[in-house]
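Asks: what would the 3D arrangement of this be:
(one chain, ligands or ions: 1)
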Amino acid sequence: MRSLVLIGHGSHLNGESAVAAYRYAELIRARGLFDEVIEGYWKEEPSLRQVLKTTASTDVTVIPMFISEGYFTETVIPRELGLGHQGPVPPEGIARVIGGRTVRYTLPYGVHPGMADVIVARAREVLPELGPDGPDDGVETALIVLGHGTTRNENSSRVIYENAARLRERGLFSEVHALFLDEEPRVTGWADLVRAPRVVIVPFFASEGWHTLETIPEELGLSGVVTPFPDTPHGPQQVHYARPVGTHAAVAEVILHLAEEARGAGGPGGDTERGHEAAWQAFLKLARRGARVGELLVTPELGVFEIRNALDEGRPGGDLMTLVTPEGVRDRVRFTDGGEHRPVHTLRSLPRGWRAVLNEADLRRAVHYTYPAVVEETYAHGCHALRPTPWATTARRQTGIYAKVQRAVPEQVERVAERVCGGCLRTRLWAGDRLTHSFLDGVPGGMPCAEACTFLVAEVREEVARKKAAAASDD
Ligand code: SF4
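Replies: Numbering: from 1, shown residues only. Below is the predicted model:
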């Protein structure tokens, strides 16, 4: 049995941030090469602290869905997963045994040599004349691999230079340049550098967004996919502007290569993780009788299960939107009825107006999407196996812009927690609160919170920053 975990950044504010990881997980799931494909996030759920607990097997491969190495892939993700490693990840990845699972952590997908193929695939979309040996029409064509670049992280530009060198060797283009938005050599100087009459620009970016849709076209004066430049230092030129590499479906192939390379001679895979399976069997036993889990009502019906918001109990099924897949439930419960993003799924804001009819396997996945890690953590709490992490420990672990939460005094943390956690189903074990009964014992809202979530940490950071700003304006 094998589990694959894709790690995305996620966002507390923007529901779109997690979509790329979901999309790649779906593509890889459909290939059937892993028994399960799970998504985990820095700023959404399941969080990096929880995601390993949600895997069903003892053989877990973790791939960071990042375009280059850097702070997240080298510091934040290894730390939060408990890998006991900080700093550059070796090419063969890192393997550790964590809580009975063998966990293999790889480099981010963006640094895999296979990304050169993704660049070519993107180039071909805007230049169909690009054949296997170069442009079929014989027109000299240059390629610009465009990176963001930052003087703060040399890894960010290294991956651009490496891909440009690989593509130069292939000889598909008469020139290949590595240019950047925020460091030298800048893409704004392309016309002085590039001689070929036709130029393809492929942004080496993780997703479509502000840069790819606005700043790059604006700074270069692009008017669409193909823009003529009649008067440049090397004569008339035509620029073909491609979509970012990170959203191309071929990235799924790169992820699979990474996963295979990380396993090496790893054998047939692991076993079913017993604690995880026991948790879900306890949940299913409850579900077969009908149950409330937080705001969710689970009703067994002729061999399948119906789930809906408990506030919709008694409403005719025809009045509700009927969903039939776990992914359908996922996409519904990620937003409130008002359309606001829900980075913390146990906040009491589960949307209404829908029901899902699911078999037992899909019920598990739908409940995982509705309340990530809650079944596993609640079961572990009932077995006295869930160890709370006090606030001081969580605060000490924070780095970068979050390190300032270490300056929060207990009263500040408590004030923020009252506001944030007051709307959450979970009971704050990390603050010393006690949870004597859980939804597994028939108390719907009984769910443990073992550790302050990243949403609360971010709110405490805001509080510390506000207090500092207020103190400065008083001076
Ligand atoms: S820290 Fe608060 S808001 Fe976050 S999961 Fe725990 S109880 Fe809920």
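
Asks: enumerate the residues of this protein near the ligand.
Replies: Contact residues, the chain versus the ligand (CB under 6 Å from any ligand atom): 344, 346, 420-421, 424, 426, 428, 449, 452-453, 455-456. For the C-beta atoms, the positions are set from N, CA and C on the backbone; glycine is no exception.

Asks: okay, and which of these map to helices?
Replies: The helices, defined by DSSP state H, take in 420-421, 455-456 from the residues of the chain next to the ligand.

Asks: tabulate those residues in a markdown table, adding columns for distance to A366 and neighbour count.
Replies: A markdown table is the format used below for those (distance: CB to CB, whole Å; neighbours: other CB atoms under 10 Å):
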| residue | distance to A366 | neighbour count |
| --- | --- | --- |
| V420 | 26 | 18 |
| C421 | 25 | 25 |
| F455 | 22 | 19 |
| L456 | 26 | 24 |
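
Asks: which pair of those residues spans the longest distance?
Replies: The span of these, defined through CB to CB, is set by C421 and F455 at 9.7 Å.

Asks: which stretches in the stretch 51-200 of the chain count as helices?
Replies: For the stretch 51-200 of the chain, the helices defined by DSSP state H, counting those that start in this stretch cover 71, 77-81, 115-126, 154-170, 190-193.

Asks: could you export those as TSV, including mean pLDDT?
Replies: Output for the helices of the stretch 51-200 of the chain, formatted as TSV (pLDDT from 0 to 100):
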stretch	mean pLDDT
helix 71	87
helix 77-81	95
helix 115-126	97
helix 154-170	90
helix 190-193	96
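
Asks: out of the ones you listed, nearest to R2?
Replies: Nearest of these to R2, taken as CB to CB: helix 77-81 at 17.4 Å.

Asks: surely T454 and E45 touch.
Replies: No: the criterion here is CB atoms under 8 Å, and T454 misses it with E45 at 9.2 Å.

Asks: looking at these two, which has the bigger crowd around it?
Replies: Regarding T454 and E45, a neighbour count based on other CB atoms under 10 Å identifies E45 as having more, with 27 against 24.

Asks: what residues go with each domain of the chain?
Replies: Using automatic domain parsing, the domains assigned to the chain come out as 3-111+252-272, 115-247, 275-372, 388-474.

Asks: kindly compare burial across those and name the winner.
Replies: Of all the domains of the chain, domain 3-111+252-272 carries the top mean neighbour count, a mean of 19, counting by mean count of other CB atoms under 10 Å.

Asks: and the end-to-end length of that domain?
Replies: With CA to CA, to the nearest Å as the measure, the ends of domain 3-111+252-272 fall 10 Å from one another.

Asks: same deal with stretch 310-318?
Replies: In stretch 310-318, first residue to last residue: 16 Å (CA to CA).

Asks: which residue ranges of the stretch 201-350 of the chain form strands?
Replies: Assigned by DSSP state E, counting those that start in this stretch, the stretch 201-350 of the chain shows strands spanning 226-229, 237-241, 291-293, 296-301, 304-309, 321-323.

Asks: quick one: those as a markdown table, columns for mean pLDDT too.
Replies: Listed next are the strands of the stretch 201-350 of the chain as a markdown table, based on pLDDT from 0 to 100:
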| stretch | mean pLDDT |
| --- | --- |
| strand 226-229 | 97 |
| strand 237-241 | 98 |
| strand 291-293 | 96 |
| strand 296-301 | 97 |
| strand 304-309 | 98 |
| strand 321-323 | 98 |
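
Asks: joint contacts of C421 and F455?
Replies: Shared contacts of C421 and F455 (CB atoms under 8 Å, 6 or more residues apart in numbering): none.

Asks: mind checking the SS state of L440?
Replies: Taking DSSP: H, G, I helix; E, B strand; the rest coil as the rule, one finds L440 in the helix state.

Asks: what about it, distance to R158?
Replies: L440 sits 49 Å away from R158, going by CB to CB, to the nearest Å.

Asks: and the residue lying farthest from the centre of the chain, backbone torsions?
Replies: The C-alpha centroid of the chain is most remote from G235, which lies 44.2 Å away (CA atoms, centre = their mean). Backbone torsions for G235, taken as degrees, to the nearest 10, come to phi 100, psi -180.

Asks: tell me the contacts of the residue lying closest to it once chain neighbours are set aside?
Replies: Closest residue to G235 apart from its sequence neighbours, by CB to CB, 6 or more residues apart in numbering: P197 at 6.8 Å. By CB under 8 Å, 6+ apart, the residues touching P197 are 139-140, 234-238.

Asks: from these, which two are the most distant?
Replies: Farthest-apart pair in the contacts of P197 is V139 and H234; separation 14.1 Å (CB to CB).

Asks: strands along the stretch 1-150 of the chain, start to end?
Replies: Along the stretch 1-150 of the chain, counting by DSSP E, counting those that start in this stretch, strands occupy 3-8, 36-41, 59-64, 94-98, 101-105, 130-131, 134-135, 141-147.

Asks: any chance of those in JSON lines, with mean pLDDT and distance to R79 too?
Replies: Compiled in JSON lines, the strands of the stretch 1-150 of the chain are given as follows (pLDDT from 0 to 100; distance: least, CB to CB, whole Å):
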{"stretch": "strand 3-8", "mean pLDDT": "95", "distance to R79": "13"}
{"stretch": "strand 36-41", "mean pLDDT": "96", "distance to R79": "14"}
{"stretch": "strand 59-64", "mean pLDDT": "96", "distance to R79": "13"}
{"stretch": "strand 94-98", "mean pLDDT": "94", "distance to R79": "12"}
{"stretch": "strand 101-105", "mean pLDDT": "95", "distance to R79": "11"}
{"stretch": "strand 130-131", "mean pLDDT": "96", "distance to R79": "42"}
{"stretch": "strand 134-135", "mean pLDDT": "96", "distance to R79": "46"}
{"stretch": "strand 141-147", "mean pLDDT": "97", "distance to R79": "26"}
